[in-house]
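Visitor: Just the structure for this:
(2 chains)
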Amino acid sequence: MPQRVDGTALACLSVMLSYLLRRVLYAVPITLGVTVIVFLLVHLAPGDPLSAIVPADAPAEVVARLRIDYGYDRPLPVQYGLWLARAVSGNLGTSVATGQPVGPEVLRAVQNTALIAMLAAVTGFTLGILLGGIAGYNQGTLIDKLATGIAIAFVSVPNYWLALVLVILFSVELNVLPAMGMGPGGSEAWAWDWLHLRHVVLPVIALSAIPTGIVTRTVRAAVAEVLHQDFIQALAAKGLRAGRILPHVAKNVAPTALAVMGLQLGYLLGGSILIETVFSWPGTGFLLNSAIFRRDLPMLQGTILVLSLFFVGLNLIVDLIQTAVDPRIRRS
Amino acid sequence: MAEVGVIAVKPEAPAPAAILSQGYWALVRYRLLRDRTTLVCGAILLVIILAAIFAPYLAPADPYKTSMLRRLQPVFKAPYLIGSDELGRDMLSRLIYGGRLSLVMGITPVLNALIIGGALGIVAGYLGGAVNMAIMRLVDVLYAFPSILLAIAIAGALGTGLTNSIVALTIVFVPQVARVAETVTTQVRGLDYVDAARASGASTWAILRVHVLGNVLGPIFVYATGLISVSIILASGLSFIGLGVKPPEPEWGLMLNTLRQSIFVNPTVAALPGAMIFMTSMAFNLMSDGLRAAMDVKA
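Guide: Below is the predicted model of the structure:
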């Protein structure tokens, strides 16, 4: 059927554009709010932000000098403005612990985290859609109970413990997969070969447990609900085979599933800290961990800022995709 | 981790008329008593909670008493029932005592969030307008962080400690509860019987107390029970990376952390504290599902 460009189509387009614009504009105050919170985190910390680098017996004039160098002598709003202006231009400050710029270090860590987060997302979403779909189609049967049971176990498992159990099984007992690091000999240069991939297997399994469980539950509930709707009954009554009805089901489940998967991807990026600690994976979690225990506040601020902005951006993208997939959202 | 798909229960035989005539809570009780999974989970949780409360009477040994000679003893080797940890402390006693801190760290933030977030959400939803704007935008900003990241960031900035962990987790859960409370309150506020109550001269306070609270508390409560499982995992997670309670306190996450070095010597004992977190979290999750199904008005 040729695309009709008449009055209604144009009106529809303008409604959609205004929705998109509103959604993007809405993200601006949220982003600003996020930067305020990340900035204030430092001032939440008890004690002097300089205490990490200044020995207790340092002469007062040295401390005063450093305070001016780091800008901690200015009023808070001024500090925030300067910090934000610098952050926007890509300068996240200097690590108090190493004296190195924070930006490049965070960027390197984000790449490493993104690697396992993406692989875990692909694994978790695939498994989740399969399990959830099968369970939804076989509601109330033994298969359904099994899939639901697996899902609830995956949602409830502390993934840092699962990581430890995997290490015990595959590294300690069977000795087939490495327990830590990113490559042979602790190297941090990534390559797509088995020598490197085997380092990824256990962290990815541990990370994918929660998304697998949550996607399974979501898809199962959505599929079960769609299957009970009248139009599906009508399609079946019309004589459509199950294979031909599936696309209709998928189309109706997609918006819900997409929204949940988008959120999960964000949680994977921001929530891998515990898993990274177990596997000594050189990602953002590892960076956060060392920043916290060295009280390296610029590094802490920088890492959290980058991760949370990723999350905000991801949420925006998910919303936009969801609108594109589900026309009902635009109309409401 | 916040949005967990709701699983619709399979259509059951409707409750007998005798139950239905006794009202909503009789129906909820009737459904719960017939739900075996929920009953089993409730029993497991009851045992864990009672064991934590009565730990001094139940624990076979002092959970702090170390023994350099009997470190990392295997399971079922006398005098220990399930082995000893890296400092020779009795594992069973530490697991029993560990429930105290782990449960307190996991449940308190949810209770705090239930009160603070619930109040914020109900006020925002009922008053609407500028108040709603102010509260909900703040909630949105906090909601824009992944839970684990926010918890670790706040706990990391505040420093190690039980109170700091509880504060951090409370801040994580307040926006989530507030969102649910706001949505439900906004729905209830627009219903005819609220208009009718207002038209008949009921005060704002009376409407809030009788009509809004009565209908909003249920959903918020059910939502909060679902958060306990997440909260317990996160709380022990904070201890696991060294941000929660300090050694030598028995706490499941911290025990898992200190036993990490021992997985080559005694893997079974090293994995035990995590199994406790898993079991507790799963029981809370299943019970929350059961409660949700039993309290569902539509079914």
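Visitor: wait, does the longest helix seen in chain A contact chain B?
Guide: Taking DSSP state H as the criterion, chain A has its longest helix at helix A:7-44. Yes - contact of helix A:7-44 with chain B (Cβ under 8 Å from any Cβ of the partner chain) involves A:29-30, A:33-34, A:36-38, A:41-42, A:44. C-beta here means a position set from N, CA and C on the backbone, and glycine is covered the same way.
Visitor: As TSV, those residues with pLDDT would be great.
Guide: Formatted as TSV, those follow (pLDDT from 0 to 100):
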residue	pLDDT
A:Pro29	88
A:Ile30	89
A:Gly33	92
A:Val34	92
A:Val36	92
A:Ile37	91
A:Val38	90
A:Leu41	82
A:Val42	74
A:Leu44	74
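Visitor: Filter those residues down to the buried ones.
Guide: A:30, A:33-34, A:37-38, A:41-42, A:44 (16 or more other Cβ atoms under 10 Å in any protein chain shown).
Visitor: any idea which of those is closest to chain B?
Guide: Relative to chain B, the closest of those is A:Gly33; by Cβ to the nearest Cβ it sits at 3.3 Å.
Visitor: ok, so what distance separates the closest one from B:Val75?
Guide: As judged by Cβ to Cβ, to the nearest Å, A:Gly33 and B:Val75 stand 51 Å apart.
Visitor: Could you report the pLDDT at the closest residue to B:Thr225 other than its chain neighbours?
Guide: Once flanking residues are discounted, B:Thr225 sits nearest to B:Ser288: 4.2 Å by Cβ to Cβ, 6 or more residues apart in numbering or on different chains. Here, the pLDDT recorded for B:Ser288 equals 90.
Visitor: Wait, B:Ser288 touches B:Val230, no?
Guide: No - using Cβ atoms under 8 Å, B:Ser288 is not in contact with B:Val230, being 10.3 Å away.
Visitor: neighbour count winner among these two?
Guide: Comparing B:Ser288 with B:Val230 by other Cβ atoms under 10 Å in any protein chain shown, the one with more neighbours is B:Val230, at 27 against 21.
Visitor: Roughly how far does the more buried one sit from chain A?
Guide: Per Cβ to the nearest Cβ, to the nearest Å, B:Val230 is found 9 Å from chain A.
Visitor: Thought B:Leu169 was touching that residue, still the case?
Guide: No - with contacts counted by Cβ under 8 Å, B:Val230 stays clear of B:Leu169, the gap being 9.4 Å.
Visitor: Show the subsequent helix or strand relative to the lowest-mean-pLDDT helix or strand in chain B.
Guide: Within chain B, no helix or strand scores below helix B:17-20, which has a mean of 77 by mean pLDDT, DSSP states H and E. Next along the chain after helix B:17-20, taking DSSP states H and E as the criterion, comes helix B:24-34.
Visitor: Report the distance from the least confident helix or strand of chain B to the chain centre.
Guide: Taking Cα atoms, centre = their mean, to the nearest Å, the mean C-alpha location of helix B:17-20 is offset from the chain mean by 32 Å.
Visitor: buried residues in it?
Guide: For helix B:17-20, it's none, nothing buried (16+ other Cβ under 10 Å).
Visitor: ditto for stretch A:272-282
Guide: A:272-279, A:281-282.
Visitor: just stretch A:173-181 next, same as before
Guide: Judged by neighbour count using 16+ other Cβ under 10 Å, the buried positions of stretch A:173-181 are A:177-179, A:181.
Visitor: Compile these into JSON lines and extend it with columns for distance to chain B, pLDDT and secondary structure.
Guide: Formatted as JSON lines, the buried residues of stretch A:173-181 follow (distance: Cβ to the nearest Cβ, whole Å; pLDDT from 0 to 100; DSSP: H, G, I helix; E, B strand; the rest coil):
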{"residue": "A:Leu177", "distance to chain B": "14", "pLDDT": "82", "secondary structure": "coil"}
{"residue": "A:Pro178", "distance to chain B": "14", "pLDDT": "82", "secondary structure": "coil"}
{"residue": "A:Ala179", "distance to chain B": "9", "pLDDT": "78", "secondary structure": "coil"}
{"residue": "A:Gly181", "distance to chain B": "16", "pLDDT": "77", "secondary structure": "coil"}
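Visitor: And for A:Leu142, the neighbour number?
Guide: 8.
Visitor: again, but for B:Gly253
Guide: So B:Gly253, with other Cβ under 10 Å, has 34 neighbours.
Visitor: before we move on, what about A:Val249?
Guide: With other Cβ under 10 Å as criterion, A:Val249 counts 20.
Visitor: for the residue lying closest to it once chain neighbours are set aside, what are its contacts?
Guide: Once flanking residues are discounted, A:Val249 sits nearest to A:Val226: 5.2 Å by Cβ to Cβ, 6+ apart. The contact partners of A:Val226, by Cβ atoms under 8 Å, 6 or more residues apart in numbering or on different chains, come to A:232, A:249, A:252-253.
Visitor: Could I get the full set of helices for chain A?
Guide: A:7-44, A:60-70, A:76-88, A:102-137, A:142-156, A:159-166, A:194-227, A:230-237, A:242-270, A:273-279, A:284-293, A:297-325, A:327-331.
Visitor: Which stretch among the ones you listed is buried most, on average?
Guide: A comparison of the helices of chain A by mean neighbour count, using mean count of other Cβ atoms under 10 Å in any protein chain shown, puts helix A:273-279 on top with a mean of 26.
Visitor: Let's see it as CSV, backbone CA atoms only.
Guide: Only the C-alpha atoms of helix A:273-279 are listed here, as CSV (Å, rounded to 0.1, in the frame of the first residue of the first chain):
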residue,chain,number,x,y,z
ILE,A,273,31.0,-3.0,40.5
LEU,A,274,30.5,-6.1,42.7
ILE,A,275,31.2,-8.6,39.9
GLU,A,276,34.3,-6.6,38.8
THR,A,277,35.6,-6.7,42.3
VAL,A,278,35.3,-10.5,42.4
PHE,A,279,37.1,-11.0,39.1
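Visitor: If anything else comes up later, I'll come back, but that's it for now.
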